[in-house]
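Colleague: Got a sequence here, can you build the structure:
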Amino acid sequence: MKKRLFVSIDFPPEAGGIQNYVHGIISNLNPADSFVLTHTHEKAKEFDHEQTYKIFRTSMKGNKFKNVLVLFKLIIYLIYLKYKIKYDEIHFGNVYPIGLVGPIAKWVLHVDYYCYTHGLDILSLKNTKRTYQSLLFILRHSKKIICNSKYTSEKVKEMGFSNENIVIVQPGIHEKPDVKHNLTEIKDRYDLHNKKVILTVSRLVERKGHDVVLKALKTICRDNPDIRYVICGDGPYRKTLEKIVHDYGLNQSVIFTGTLDNDELEGLYLCSNIFIMPSREIKENGDVEGFGIVFLEANYYGLPVIGGNSGGIPEAVLDQTTGFLVDPLNAEEIRVKLKELLTNEALAKQMGENGKKWVVEKCFWKHRVKIIEQLN
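Modeller: Next up is the predicted model:
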């Protein structure tokens with residue numbers, strides 16, 4: 001059995017999409033043959049102690065003046081771990097800049113390495129020629145390029161790589177323990193009793209599409225005062241969204257929860273009727289949704305979903321089956337789909353059930369990692 005060392009700047013207990021992706025893969029592989037080298041974190045001790053696999057930590061972050069030193073220290077650490085744990089291959093959860101040590105490790109330590117790409121990470125590097133050339137150098141010498149979606153794989157092909165170079169491993173979700181939640185308490189806290197609840201869970205940034213949802217809800221909530229739009233998460237776009245809510249007169253209909261722990265978030269999924277996140281691509285920033293793991297989370301809890309038809313979202317939303325894909329900039333189309341799911345309870349229930357079945361049968365991490373186990 002091959003021993004795999006995963007090297008990633010982004011890793012729990014730090015929160016985020018890449019963090020969850022890398023952790024999801026590792027925690028479903030054989031812990032005796034899986035190891036992690038990641039960045040230091042003030043809350044790492046408790047998290048690391050709870051894992052079944054071994055985690056090593058060192059400083060991996062630095063500005064452009066410190067990156068050379070960081071990379072030098074990283075290659076020394078890789079040499080040390082090669083002799084300590086005798087790994088056979090390296091998996092870079094972040095392709096850049098830490099992937100720059102990949103070719104060195106390949107030539108000096110005689111190990112293959114794999115690069116994981118997530119969409120935004122590679123698109124954001126295209127604007128700087130030197131950085132982009134470095135990225136191409138890393139990818140050309142990797143054994144395989146692992147993409148989180150077909151969308152991301154198409155972007156990699158545009159960079160000159162073929163299907164033979166690429167493996168697609170879509171994000172999955174963890175199987176959920178059967179936990180009973182006090183839904184009455186959650187409904188009390190957010191005034192959700194006898195309400196139709198529309199939910200978005202995401203970081204509050206422009207691309208997620210909250211603003212277009214609010215525009216769609218402007219007329220829906222005027223005619224349906226019992227609708228509540230619950231926005232979970234935080235981020236730099238929150239003040240803008242709060243102003244839009246005020247300008248549209250939606251103060252009584254929209255709830256900002258901020259960042260929540262997993263228990264309360266699961267409770268809100270169970271209190272909701274529809275999940276929506278019409279993410280859009282912001283091309284000037286290379287900002288795009290690489291997949292959209294939250295759609296699988298929502299489906300798992302039996303919710304029909306509405307997602308923006310952009311980036312990798314069409315792989316996370318089965319249009320007309322688990323929910324609807326919409327033009328992420330078309331507030332009227334979003335309004336129509338929301339109204340359809342709010343009024344047609346049979347359709348909403350069927351889509352939610354379809355989504356739950358799909359996730360349980362095909363979208364858990366235990367299904368995804370089979371591809372990693374078969375890499376050669």
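Colleague: I would like the residues contacting stretch 24-38, please.
Modeller: Contacts of stretch 24-38 with the rest of the structure, by C-beta atoms under 8 Å, 6 or more residues apart in numbering, involve 1-11, 51-58, 60, 77-78, 81, 85, 87, 169, 171-174, 365-366, 368-369, 372-373. Backbone N, C-alpha and C define where each C-beta goes, glycine included.
Colleague: Okay, and which of these map to strands?
Modeller: The strands, defined by DSSP state E, take in Arg4, Leu5, Phe6, Val7, Ser8, Lys54, Ile55, Phe56, Arg57, Thr58 from the contacts of stretch 24-38.
Colleague: ok, the second one touching Gly93?
Modeller: No - the pair Leu5 / Gly93 is not scored as a contact, 10.9 Å apart, by C-beta atoms under 8 Å.
Colleague: Quick one: buried ones out of the contacts of stretch 24-38?
Modeller: 4-11, 53-57, 60, 77-78, 81, 87, 169, 171-173, 365, 368-369, 372 (16 or more other C-beta atoms under 10 Å).
Colleague: out of the ones in strands among the contacts of stretch 24-38, which one sits closest to Leu136?
Modeller: Val7 (19.5 Å; C-beta to C-beta).
Colleague: Next, the contact list for that closest one, please.
Modeller: Val36, Leu37, Thr38, Leu74, Leu78, Ile90, His91, Phe92, Gly93, Ile98.
Colleague: Val205 against Gly233, yeah?
Modeller: No - Val205 is beyond contact range of Gly233, at 9.3 Å (criterion: C-beta under 8 Å).
Colleague: Now do the domain split for the chain, please.
Modeller: 4-169, 183-362 (automatic domain parsing).
Colleague: can you list these in a markdown table and add mean pLDDT?
Modeller: Shown next, in a markdown table, are these (pLDDT from 0 to 100):
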| stretch | mean pLDDT |
| --- | --- |
| domain 4-169 | 92 |
| domain 183-362 | 95 |
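Colleague: re earlier: between Val205 and Gly233, which is the more surrounded one?
Modeller: Neighbours per residue (other C-beta atoms under 10 Å) separate Val205 from Gly233, with Gly233 holding more: 21 against 16.
Colleague: Backbone torsions only: list them for that one.
Modeller: Geometry field for Gly233 lists phi and psi as phi 120, psi 180, criterion degrees, to the nearest 10.
Colleague: repeat for Asp319
Modeller: Dihedral angles for Asp319 - degrees, to the nearest 10 - are phi -60, psi 130.
Colleague: just checking, it touches Ile313?
Modeller: No - at 10.0 Å, Asp319 does not count as touching Ile313 under the criterion of C-beta under 8 Å.
Colleague: Give the residues shared as contacts by these two.
Modeller: By C-beta under 8 Å, 6+ apart, the residues touching both Asp319 and Ile313 are Leu325.
Colleague: Of the two, which one has the most company?
Modeller: Neighbour count, other C-beta under 10 Å: between Asp319 and Ile313, Ile313 has more, with 27 against 13.
Colleague: Now do the same contact list for that one.
Modeller: Ser279, Glu289, Phe291, Gly292, Phe295, Gly307, Leu325.
Colleague: follow-up on the earlier one: among the contacts of Val7, name the ones in helices.
Modeller: Leu74, Leu78 (DSSP state H).
Colleague: Dump the contacts of Val7 to a markdown table, plus distance to Ser124.
Modeller: Converted to a markdown table, these look like this (distance: C-beta to C-beta, whole Å):
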| residue | distance to Ser124 |
| --- | --- |
| Val36 | 24 |
| Leu37 | 24 |
| Thr38 | 21 |
| Leu74 | 21 |
| Leu78 | 26 |
| Ile90 | 23 |
| His91 | 21 |
| Phe92 | 17 |
| Gly93 | 16 |
| Ile98 | 16 |
